[in-house]
Every structure is written in structure tokens, then in C-alpha cells.
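Need coordinates for the following:
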Amino acid sequence: MPSKRDFLSVTDFTPQETLDVLRRASQMKAEIGGKSLDGKSIALLFEKPSMRTRSSFQVGIQQLGGFSFYLGPEEGRLGSRESVPDVARVLSGYVDCIVARVFSHNSLCELASYASVPVINALSDWEHPCQIMADLLTIQEHKGQLEGLKLAYIGDGNNVARSLCLSSAPLGIDFTVASPPGYNLDGASLDLARDRANGASSEVVALTDPVEAVQGADVVYTDVWTSMGEEEEAETRRQAFQGYTVDPELMARANPGAIFMHDMPVHYGEEVPPGMLDHPQSVAYQQAHNRLHAQKALLEFLIGAE
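Residues are numbered from 1 along each chain as shown. Got it, this is the predicted structure:
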């Protein structure tokens, strides 16, 4: 059996492979067509609901000539209705790839270890690599390059922040995260990102001051303060994150021409004020649309016809 490739983390791709997928995504966006997934079947195994992730994967698979089917929380709760090994082994006999959106990254890793087909992380509590591929594509489109830029992430040190951090350094992007004390990225992830720089001059910095973080930034990025599954912490987090709203005043502290990004959904009145996604520097909707193109290129890379 040929070896398979999973995409559970941004670290599963080399920097060059990441750039190759981004290059292919740009081509696909410019020239819709091609049937590189002709005859391929993909399972969408979702423990968590989604609008952008599900829509972009299903549309992209169909555009490439493949077939997808959706297993929602009722069928897809890993380790509850059925054991993870059983789900992995059964689906591997039906499909060419499993796209999984899960609560626990450990469950995702277990799924991949028992599956004989590639597994793609469509979101876990530890990383969100598909989102970051679309983010990098969007940055590249607006800035013309990745190397030499500075990205400032303001907010919770969550799965999105971690994937951004781990992907930025090896591509030559300076990464700065600003979070309230107790909510920043873990030290192990920051250290791993620095190690992944592989001689690049990029820096990885963790701060608590959002104003300091956006100084010199070419990209300002934020996300919700309370992720799905953390609803019981919502009020505590709202108090802790006061002062971390990304608004026009904070954007004005970044470099002229800096772009604003948000992976959505948005909690207006918290991490951003109402209307911020329509700000002249916002690329959030293009960022969402690029999920389609980045994921098409990713699927082609992992399971496309030779």
C-alpha cells in the first residue's frame, strides 16, 4: 500500500510544499476547471457545525469532479456512538479521503492513525490548518509576497493563532501575538515556531499590549474571544479581553496599507466593532472565499489524479 499523507497540522507540509499548494490555489482561482478528483469520494466527518468549512469543501470537491457526503454530529461524534478505530477503518473502505472537523485533536490523530486514507484537519481544538492556507493565499494576493512581512494577531491564543504562528516563521513572516495574561499561546508552540524558522530571519514574539503588537504590522488578524465549546467561559473572557478589540483606531497604528483579517464567524461588539469587516482595509470576505481555492489545491495535492 502506498504511503499516505495527512494534513492534521500546518507542520505536516514543508515550507516549499505550502508554497506549491498556494501556487496551485492561485491557478485554480484564475481558471476554474479541471477534474483532478474525478472518481474520488470524500467523507466530511463533522462533530462541530460549520458554514464556511462545509460549503467550501463540498463545492470544491464537486468542481473538481469528486463526490462528497456529510456526516454530522449525530453520526460523527468520535468515540461516542462508535469507537474512533472503527470509524476510521470503515470509512477507509468507502472513501479516498476523510475531512474531519472535531472537538479533540487527540481524536483526530487517532482517526488518522487507523485510517488507510488521508485525513484532513478541518478544525480541531489545537489547530485550524485549512483556514491558514486560505489566509496565506489572501495575504499573498494583497501583498504580492509572504517573506519579509509582519503579522500581528490580537486576541485569544487559540487554534487559529497556533496554526498562524507555526506557518508564518518558516515562510519568513514575523509573527507577533498579543493576548491578556493567561490567554496567550503556549510556550511549546512559540518555541516550535522559532525552531521552524530554519535560519529565516523571521521573529516570533508574544506580548500583552495590542498597540505595541500592531506597530509595523502589514497584517492585523483577530478571532473570537470565546471559541465553540467554551461558552461557559464567555463572560469571564469578555472581561479579560477588554482593550483587545481591533477597531479602526488600532488599525491606524499598523503600517499604511496594512490589511485586516478575521476568519469568521464574528462576535460583533467583542473582538471587532459592528461594521469592521466592511472597513476599507478589511479582506475578511475574500479570506472566506479563498477557503474554496486553497482547499481544492490541498485535496488535489493529497489525493488528486497523477
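
only C-alpha atoms for contact and neighbour calcs from this point on.
OK.

So which other helices or strands are in contact with the helix or strand containing L111?
L111 belongs to helix 105-114 when elements are defined using DSSP states H and E. With contacts taken as 3 or more C-alpha pairs under 8 Å, 6 or more residues apart in numbering; DSSP states H and E, helix 105-114 sits against helix 84-92, strand 119-123.

Quick check: mean pLDDT of that helix?
Helix 105-114 comes out with an average pLDDT of 97.

Please apply the same query to stretch 274-294.
For stretch 274-294, mean pLDDT rounds to 98.

distance between the ends of that stretch?
28 Å (C-alpha to C-alpha, to the nearest Å).

Also stretch 146-164?
Distance between the two ends of stretch 146-164: 13 Å, counting by C-alpha to C-alpha.

what is the orientation angle of the strand or helix carrying I42 with strand 119-123?
Element membership for I42 (DSSP H and E) is strand 41-46. Angle, strand 41-46 to strand 119-123, by axes from the mean of the first three to the mean of the last three C-alpha atoms, to 10 degrees: 30 degrees.

helix or strand right after strand 41-46?
Strand 41-46 is succeeded, C-terminally, by helix 52-63 (DSSP H and E).

lowest-confidence helix or strand of the chain?
Least confident helix or strand, the chain: helix 73-76 with a mean of 75, by mean pLDDT, DSSP states H and E.

mind giving me the domain split of this protein?
According to automatic domain parsing, the chain is divided into the following domains: 10-128+289-303, 131-287.

now the longest one, how far from the chain's geometric center?
For domain 131-287, the distance from its own C-alpha centre to the chain's C-alpha centre is 12 Å (C-alpha atoms, centre = their mean, to the nearest Å).

That one spans what distance, first to last residue?
This stretch, domain 131-287, spans 9 Å end to end (C-alpha to C-alpha).

so where's the stretch 101-250 of the chain shaky on pLDDT?
Counting by pLDDT under 70, the stretch 101-250 of the chain shows low-confidence ranges at 199-200.

same thing but 80
198-201, 228-230 (pLDDT under 80).

show me where it has helices.
With helices called from DSSP state H, counting those that start in this stretch, the stretch 101-250 of the chain shows them at 105-114, 129-143, 159-168, 187-196, 210-214, 234-240, 248-251.

for the last one, which positions count as buried?
When neighbours are counted by 16 or more other C-alpha atoms under 10 Å, the buried residues of helix 248-251 are found to be M251.

other SSEs contacting the very next helix or strand once past that helix?
Scanning forward in sequence from helix 248-251 by DSSP H and E, the next helix or strand is strand 259-262. Counting contacts by 3+ C-alpha pairs under 8 Å, 6+ apart, strand 259-262 is packed against strand 219-222, helix 284-303.

The longest one vs strand 119-123, what angle?
By that I understand helix 284-303. 160 degrees.

buried residues in helix 284-303?
Under the neighbour-count criterion of 16+ other C-alpha under 10 Å, helix 284-303 has 284, 287-288, 290-303 buried.
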